[in-house]
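> fold the following for me, if possible:
(chains A and B)
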Amino acid sequence: MGTHKPFFLWRHLNKLRWLSLSIVFAMLVALPFIHVYQTYAAAHAYDLLAPSEKQLYDVMETLTAAFADDPAEDLDAIKGNTWSGSFFGLQLSDPLAVAGQMAAGLKAYAPFLLTALIPVLFTLVLGRFFCGWICPATFLYELNTNVSTWLARLGFKVGNRRFDRRLKYAVLGVGLALSAATGSVLMAAIYPPAIVGRELYYAIALGGFGAGAVFFVGTLLFDTLVARRGFCRYLCPGGALYALLGRYRLVRIRRIVESCNDCARCNAVCEFGLDPLRDHFGQECNNCAACIAVCPTQAMTFVLRPTDYPEQGPGHLGKQYRRNHPESAAKGGH
Amino acid sequence: MQRRTFLDALLSAAAATALSPLLAEARPEARQPARAIRYLRPPGARPEEEFLAHCIHCGQCGEVCPNRCIQYFGFENGPRSLDTPYIVPREQACILCMKCGEVCPTDAIQPVARELAPILKQVRMGRARVDERLCLSYQGKTCGVCYRACPLQDVAIRVGRLEQPQVLKDCVGCGLCERSCIQIPQAIRIIPDYG
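Have a look, this model is predicted:
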């Protein structure tokens, strides 16, 4: 029958994903510090700095000396955040930023449009990968999920309500409509990754959180008290846009029905509340690979195809399948 | 059924209240909003309405500013200005380094070369105005600090007898004069130009 095993690395992708999320978040913390250091360097007034500022200067100088001769200029190479940033001359923007700006300006602005090209192309192939692999808010939301799990173990009541996933497409639509009506990119105020990047900068470089932090804490509370990963699942306008773009993504997760034993751990671990056990991934899946990592029988793998497998029925190693197919149980022993 | 009607009414009332400040400011080309606060947009910024339609609130202009003069609005200038950049020259003025226009991904702040002619042509943050009743030089106490702080001396500002400052029409409104004025309150202020 040839039940093929998934490539062994797929099981470790989830760790790589955490590494990626951590690096992005660490960068968002580091960039404001680099900026502050740059301003000190540009002012040429080391002697006038307060002791704590001198400390920051010295630390940052040690960390960056290898990369920059002239910190005030050379460290400009990486600026911004995941909402929009420049990376060694390459400007990249979130597709939602472009959509929001187009709505607010009621016309397309070509040079800015191009900055979303690479993210869009990646999304067409990889689906909502941004949500699982890059989004700095995901980093905090997933940690928040873990905290909620501990809280639940300690006996606190955490929310696990379900809403209609299509709600977020309405949020996207209303957000774009409001941006168009007001002539200002209001989307930036309710999109968690944009908020996280900005608020980290405010907190570190400008000395305090802004209004967005309040909103973000609200979403964390929503996730804990009302619905697990509720904002990403049901409300995030960016997630909605990425899901639409990634509807026919080529890289998908697929269940190998021959190896599946119906343990349902994949469903339990899925942050987006999808149903990998019954082959329902759809446009929502962000290829985070958590289900691959958690599967005890290695029944999850990646495939290249533009649509999900049709429902494959119960796993062949599960009780239900064996009951219906007694011959396979007699033959097996496995 | 009755409770449902009540809830519907409550929800729509709540939505109307929450959205009214947004709707009130909708598409205001026609009307000049009364501004409660005086602020400057970064150098090279488009006229206010165009600026708001372009700015995606990414914060890169502030992150690249070597003088840390760019701050970001909370709700104090209305919800449309939330997280958009501004400068209060008395707190920290613009040094016309023009880095913010270079980094702005949407050209809300347009790139301007750091040379005299392009700056004079494209930068319209505002224009300085001297309050002669407050200015020391006009009170007979020779000062001239604003003139010495100006990066465009004799183009944007010149001094006459007793260092009395006169703002010329080419002033771009960077605000270094206002920042440096030794009077309290300052005798020279930038009158913003929102386009």
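> which of the residues in stretch B:64-77 are buried?
Neighbour-count burial for stretch B:64-77 flags B:64, B:65, B:66, B:67, B:68, B:69, B:70, B:71, B:72, B:73, B:77 (criterion: 16 or more other CB atoms under 10 Å in any protein chain shown). In this view, the C-beta of every residue, glycine as well, is placed from N, C-alpha and C.
> can you check stretch B:117-132 too?
For stretch B:117-132, using 16+ other CB under 10 Å, the buried residues are B:119, B:120, B:122, B:123, B:124, B:125, B:126, B:127, B:128, B:130.
> what separates the fifth one from residue A:231, distance-wise?
Here the criterion is CB to CB, to the nearest Å. By it, residue B:124 lies 41 Å from residue A:231.
> pLDDT weak spots in chain B?
For chain B, the stretches with pLDDT under 70 are B:1-35.
> nearest spatial neighbour of residue 124, chain-adjacent residues omitted?
Just going to use chain A. residue A:245 (6.1 Å; CB to CB, 6 or more residues apart in numbering or on different chains).
> nope, chain B
In space, residue B:124 is closest to residue B:193, 4.9 Å off (CB to CB, 6+ apart).
> shouldn't the one you found be in contact with residue B:123?
No. In this structure residue B:193 lies outside contact range of residue B:123 using CB atoms under 8 Å: 9.8 Å.
> what do the two both touch?
Common contact partners of residue B:193 and residue B:123 (CB atoms under 8 Å, 6 or more residues apart in numbering or on different chains): residue B:173.
> my read is residue A:254 is in a helix, agree?
No. Residue A:254 is assigned strand when assessed by DSSP: H, G, I helix; E, B strand; the rest coil, not a helix.
> what number of residues lie near the residue nearest to residue A:124?
Number of residues near residue A:245 (other CB atoms under 10 Å in any protein chain shown) recorded here: 20.
> same thing with residue B:109?
27.
> backbone torsions only: list them for it.
With angles defined as degrees, to the nearest 10, residue B:109 sits at phi -110, psi 120.
> gap between it and residue A:154?
When residue B:109 is compared with residue A:154 (using CB to CB), they lie 50 Å apart.
> quick one: pLDDT of the closest residue to residue A:260 other than its chain neighbours?
Leaving out its chain neighbours, the residue that sits closest to residue A:260 by CB to CB, 6+ apart is residue A:315, at 2.7 Å. Residue A:315 is assigned 90 on the pLDDT scale.
> mind listing what residue A:315 touches?
A:255, A:257, A:258, A:259, A:260, A:261, A:262, A:277, A:299, A:321.
> can you give me the strands for the chain?
Picking chain A for this. In chain A, the strands defined using DSSP state E lie at A:78-80, A:84-87, A:90-93, A:251-255, A:300-304.
> actually chain B
Under DSSP E, chain B gives strands at B:70-72, B:85-87, B:126-130, B:157-159, B:165-167, B:188-192.
> tally of neighbours for residue B:113?
With other CB under 10 Å as criterion, residue B:113 counts 12.
> I figured it hits residue B:97, correct?
No. Contact criterion CB under 8 Å: residue B:113 and residue B:97 do not qualify, at 11.7 Å.
> list the contacts of the residue most central in space within chain B.
Using CA atoms, centre = their mean, the residue of chain B that lies closest to the mean C-alpha position is residue B:40, 0.6 Å off. For residue B:40, the contact set (CB under 8 Å, 6+ apart) comprises B:86, B:87, B:88, B:89, B:94, B:125, B:126, B:173, B:175, B:190, B:192.
> in the sheet, who's paired with it?
residue B:87 (DSSP bridges).
> for residue B:100, see how far away it is.
From residue B:40 to residue B:100 the distance is 12 Å (CB to CB).
> near chain A, which residues of chain B show up?
For chain B, the contact set with chain A under CB under 8 Å from any CB of the partner chain comprises B:19, B:22-23, B:25-28, B:49, B:52-60, B:62-68, B:71-72, B:74-75, B:79-83, B:99, B:103, B:105-107.
> give me every residue that touches residue 164.
Chain wasn't specified; assuming chain A. Applying CB under 8 Å, 6+ apart, the residues contacting residue A:164 are residue A:234.
> switch to chain B, please.
Per CB under 8 Å, 6+ apart, neighbours of residue B:164: B:135, B:137, B:138.
> okay, now the second one: neighbour count?
Meaning residue B:137. Using other CB under 10 Å, residue B:137 has 22 neighbouring residues.
> same check on residue A:326?
9.
> quick one: buried residues of the longest helix seen in chain A?
Longest helix in chain A by number of residues (criterion: DSSP state H): helix A:13-43. In terms of neighbour count (16+ other CB under 10 Å), helix A:13-43 has its buried residues at A:13-14, A:17, A:20-21, A:24-25, A:27-28, A:30-42.
> and the spatially most central residue of chain A, how close does it get to residue A:62?
Centroid-nearest residue in chain A, with CA atoms, centre = their mean: residue A:131, separated by 2.4 Å. Separation of residue A:131 from residue A:62 (CB to CB) stands at 35 Å.
> returning to that earlier point: ok, the residue nearest to residue A:124 - contacts?
By CB under 8 Å, 6+ apart, the neighbours of residue A:245 are A:95, A:120, A:123, A:124.
> for it, give its distance to residue B:39.
Residue A:245 is 37 Å from residue B:39, by CB to CB.
> repeat that for residue A:128.
Residue A:128 is 38 Å from residue B:39, by CB to CB.
> okay, these two: which has more neighbours?
Set residue A:128 next to residue B:39 and count neighbours by other CB under 10 Å: residue A:128 wins out with 29 against 21.
> my read is that the more buried one contacts residue A:287, right?
Yes. Counting by CB under 8 Å, residue A:128 does reach residue A:287; the two are 7.3 Å apart.
> please report the distance of the residue nearest to residue A:183 when sequence neighbours are not counted from residue A:224.
Nearest-residue entry for residue A:183: residue B:53, 4.9 Å, with adjacent residues in sequence omitted and distances by CB to CB, 6+ apart. Distance from residue B:53 to residue A:224, counting by CB to CB: 37 Å.
> comparing these two, which shows the higher neighbour count?
Shown here are residue B:53 and residue A:224; by other CB under 10 Å, residue B:53 has more neighbours (25 against 20).
> residue contacts, that one?
When contacts are taken as CB under 8 Å, 6+ apart, residue B:53 is in contact with A:101, A:104, A:105, A:106, A:183, A:184, A:185.
> what does stretch B:61-69 contact?
A:31-32, A:35, A:38-39, A:42-43, A:72, A:76, A:79-80, A:201, A:205-206, B:42, B:70-72, B:85, B:87, B:89, B:91-95, B:97, B:99-100, B:102-104, B:109.
> for stretch A:272-287, output the C-alpha coordinates as PDB.
Backbone C-alpha positions of stretch A:272-287 (Å, rounded to 0.1, in the frame of the first residue of the first chain) are rendered in PDB as follows:
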ATOM      1  CA  PHE A 272      -7.000  28.500  14.500                       C
ATOM      2  CA  GLY A 273      -9.500  25.900  15.600                       C
ATOM      3  CA  LEU A 274      -9.500  24.100  12.300                       C
ATOM      4  CA  ASP A 275     -10.300  20.400  11.800                       C
ATOM      5  CA  PRO A 276      -7.200  18.700  10.400                       C
ATOM      6  CA  LEU A 277      -8.500  15.400  11.600                       C
ATOM      7  CA  ARG A 278     -11.200  15.600   9.000                       C
ATOM      8  CA  ASP A 279      -9.100  17.300   6.400                       C
ATOM      9  CA  HIS A 280     -10.800  20.600   6.800                       C
ATOM     10  CA  PHE A 281      -8.000  23.200   6.500                       C
ATOM     11  CA  GLY A 282      -9.400  25.600   4.000                       C
ATOM     12  CA  GLN A 283      -8.100  29.200   3.400                       C
ATOM     13  CA  GLU A 284      -7.700  29.700   7.200                       C
ATOM     14  CA  CYS A 285      -4.700  27.400   7.700                       C
ATOM     15  CA  ASN A 286      -1.500  29.300   8.200                       C
ATOM     16  CA  ASN A 287       0.800  26.300   7.700                       C
END
